[in-house]
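Visitor: Have a look at this fold, sequence not included:
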């Protein structure tokens, strides 16, 4: 909060100094930001003090409307009335609808409250100053719940007129009939928000006329004012009643003055707040545009780099294969095998980078046609079985497709053969990588509308640290991979209208099972 806002609040306090104790601004969390005309030492004591539990904060926050309190015991033990106005921002976030911004109901536009505090003693002194000295009369003030805001007996202030303490006091002064008449009078006066009245009450051998008049604010019953005068002359009582009506008018005018000052503060602060919010919104918009531009440039660079990396790979693979076929020396052949393995790994990496770029730019294209999923899986399994035999692996790879009358059942899906091959290949490679010695089994389960393919291994299982982000980019627990295979596989399956998931095995054997499902078609 700047010096300008400090001076604005202090200026309002100077104009209403004979009525208000202070003005106070609370932020959106109910903490003190500024109190009018306060020295630096006291301000540091109360700065940031939490008043979020006070009704003069919670009601404007929840309703976005002004609040007029009953008598509240302040933190400095002084009873006060509080009038608070919400501080609302007209400009909300970029996601706000125009309707939310205009009617002030958006939860993001509440910025705090401006509150005026009126000492209960000050209110009583204003009322007393209006009484004519020749009348031996007293006044009392209740809120619309029956709480005593002012009475000659200060010990009763803040008590409910229907509570034990007040009823005990009047029982000692009035007979049972007079007590019941007084209670009926107060109950009636609190319920009749638009009508005044009077009644005679006998007390200590004297007759008193008690007149009452409601105090309304913006059409709502706010307070009820009572005038108690000895019943000497009817004319005096009539004059007292007229006087009491004037007091009601004075209270309304005083409260209206405070409300206008509060509204002036709110409007000025809202104007500055709107300018600030608009400036910050423009900054965020520009920053967002810069991020989009940088992201687009990054994707373009990765795409070009991956294409350029693929260009020399194919000639290296071809020449290395030719050279290997002509060399008979075992040691040299082993060296060439190392080169071939790493070049093929480099080739897979560049292809994975291109696939990720296409997935993220939503440009992954599928060449769909009807394919036999059983035939595709059998081909891939046979290739992997040959690789396992060449490497003297201890892993057993199994696939037994469903058969009917001695014939293998075809499973037809509308899919891109190359991409689905990539998915199955990735899942088997992943299972072999984490299964040093054991069994890998692939199976299919067909329903009327879909086929579920599962790849189950007896390897290490899914690391709990990796599991939450298993299908994300670069999620891997191995030093041999980039962590792109499962991300690409899941994206390819979803592009076919399917789903992929995984879980650790729950039986005695360790390992994990990866699943994916695809829609089937009838041929």
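Guide: All right, it came through fine. Every value quoted in this text rests on a predicted model; they were computed, and no experiment measured them.
Visitor: What pLDDT is listed against the closest residue to residue 229 other than its chain neighbours?
Guide: Distances taken as CB to CB, 6 or more residues apart in numbering place residue 137 nearest to residue 229, at 3.9 Å, with adjacent residues excluded. Glycine gets a C-beta too; all of them are placed from N, C-alpha and C. Residue 137 is assigned 70 on the pLDDT scale.
Visitor: for residue 193, same thing?
Guide: Residue 193 carries a pLDDT value of 60.
Visitor: next one: phi and psi at the residue located most distally from the centre of the chain?
Guide: In the chain, residue 328 marks the outermost C-alpha relative to the chain mean, sitting 70.3 Å out by CA atoms, centre = their mean. Backbone torsions of residue 328, given as degrees, to the nearest 10, read phi -100, psi -20.
Visitor: Now do it against residue 336, distance only.
Guide: For residue 328, the distance to residue 336 (CB to CB, to the nearest Å) stands at 12 Å.
Visitor: ok, now residue 397?
Guide: As judged by CB to CB, residue 397 and residue 336 stand 27 Å apart.
Visitor: what do you get for residue 491?
Guide: Using CB to CB, we find residue 491 at a distance of 35 Å from residue 336.
Visitor: Over to residue 149?
Guide: 99 Å.
Visitor: Same question for residue 230.
Guide: Using CB to CB, residue 230 is found at 122 Å from residue 336.
Visitor: which residues touch the nearest residue to residue 175 once chain neighbours are set aside?
Guide: Spatial nearest neighbour of residue 175, chain neighbours left out: residue 202 (7.2 Å); criterion: CB to CB, 6+ apart. Neighbouring residues of residue 202 by CB atoms under 8 Å, 6 or more residues apart in numbering: 174, 175, 178, 208.
Visitor: Secondary structure class of the last one, three-state.
Guide: Read that as residue 208. strand (DSSP: H, G, I helix; E, B strand; the rest coil).
Visitor: How far does stretch 208-228 stretch from one end to the other?
Guide: 7 Å (CA to CA, to the nearest Å).
Visitor: which stretches of the chain form helices?
Guide: 3-15, 40-46, 55-63, 98-103, 120-129, 164-173, 176-191, 234-326, 330-360, 373-390, 417-433, 485-495 (DSSP state H).
Visitor: What's the mean pLDDT across the first one?
Guide: Read it as helix 3-15. In the prediction, helix 3-15 has an average pLDDT of 78.
Visitor: Look up how far residue 261 lies from residue 42.
Guide: The gap separating residue 42 from residue 261 is 22 Å, by CB to CB.
Visitor: excluding its backbone neighbours, what's nearest residue 15?
Guide: Looking at residue 15 with CB to CB, 6+ apart, the closest residue is residue 261, at 6.7 Å.
Visitor: correct me, but the one you found touches residue 10?
Guide: No. Counting by CB atoms under 8 Å, residue 261 does not reach residue 10; the two are 11.9 Å apart.
Visitor: Test my guess that the residue nearest to residue 229 contacts residue 227.
Guide: Yes. With contact defined as CB under 8 Å, residue 137 reaches residue 227; the gap is 5.9 Å.
Visitor: Mean pLDDT per element in the chain, and the minimum belongs to which helix or strand?
Guide: Every helix and strand of the chain was ranked by mean pLDDT, DSSP states H and E. The lowest is helix 98-103, at a mean of 47.
Visitor: what sits against residue 488?
Guide: Counting by CB under 8 Å, 6+ apart, residue 488 has contacts 352, 355, 356, 359, 422, 426.
Visitor: so which of these comes closest to residue 19?
Guide: residue 359 (68.7 Å; CB to CB).
Visitor: Run a quick neighbour tally on that closest one.
Guide: Applying other CB atoms under 10 Å, we find 18 residues neighbouring residue 359.
Visitor: now swap in residue 18 and tell me
Guide: As a burial measure, residue 18 scores 9 neighbours (other CB under 10 Å).
Visitor: on that earlier part again, per-residue pLDDT, the residue nearest to residue 175?
Guide: So residue 202 comes in at 78 (pLDDT).
Visitor: gap between it and residue 166?
Guide: When distance is defined by CB to CB, residue 202 is 19 Å away from residue 166.
Visitor: Could you do residue 496 as well?
Guide: Going from residue 496 to residue 166 by CB to CB gives 79 Å.
Visitor: Buried ones only from the contacts of residue 202, please, as a PyMOL command.
Guide: Buried residues among those (16 or more other CB atoms under 10 Å), as a PyMOL selection:
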select buried, resi 174+178+208
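Visitor: Between which two of the contacts of residue 202 is the distance greatest?
Guide: The two members of these with the most space between them (CB to CB) are 175 and 208, at 13.4 Å.
Visitor: OK, contacts around the closest residue to residue 30 other than its chain neighbours?
Guide: Nearest residue to residue 30, sequence neighbours excluded (CB to CB, 6+ apart): residue 52, at 2.6 Å. By CB under 8 Å, 6+ apart, the contact set of residue 52 is 26, 29, 30, 31, 58.
Visitor: Quick check on the residues you listed: which are buried?
Guide: Listed as buried from the contacts of residue 52 are 26, 30, 31, 58; burial here means 16+ other CB under 10 Å.
Visitor: Go through these and name the one nearest residue 78.
Guide: Of all the buried ones among the contacts of residue 52, residue 78 sits closest to residue 26, with 18.1 Å by CB to CB.
Visitor: partner residues bridging that closest one?
Guide: Assessed by DSSP bridges, residue 26 has beta-bridge partners residue 32, residue 113.
Visitor: hang on, the earlier thing: any idea how far the residue nearest to residue 175 is from residue 208?
Guide: 8 Å.
Visitor: Repeat that for residue 408.
Guide: Residue 408 sits 108 Å away from residue 208 when distances are taken as CB to CB.
Visitor: same check, this time on residue 87
Guide: 47 Å.
Visitor: ditto for residue 440
Guide: Distance, residue 440 to residue 208, using CB to CB: 101 Å.
Visitor: Which of residue 397 and residue 336 has more residues huddled nearby?
Guide: Using other CB under 10 Å as the criterion, residue 397 and residue 336 rank with residue 397 on top: 22 against 17.
Visitor: now the more buried one, which residues is it bridged with?
Guide: residue 440.
Visitor: quick one: it and residue 388 touch, right?
Guide: Yes. With contacts counted by CB under 8 Å, residue 397 reaches residue 388, the gap being 6.2 Å.
Visitor: what do these two both touch?
Guide: Residues touching both residue 397 and residue 388 (CB under 8 Å, 6+ apart): residue 432.
Visitor: Quick check, pLDDT for residue 485.
Guide: pLDDT for residue 485: 86.
Visitor: Oh, that last question was meant for residue 503, not what I typed.
Guide: At residue 503, the model reports a pLDDT of 93.
Visitor: Torsion angles phi and psi at residue 327?
Guide: Backbone torsions of residue 327, given as degrees, to the nearest 10, read phi -90, psi 130.
Visitor: got the contact list for it?
Guide: Contacts of residue 327 were listed using CB under 8 Å, 6+ apart, and they are 333, 336.
Visitor: how far away is it from residue 138?
Guide: On the measure of CB to CB, residue 327 and residue 138 end up 120 Å apart.
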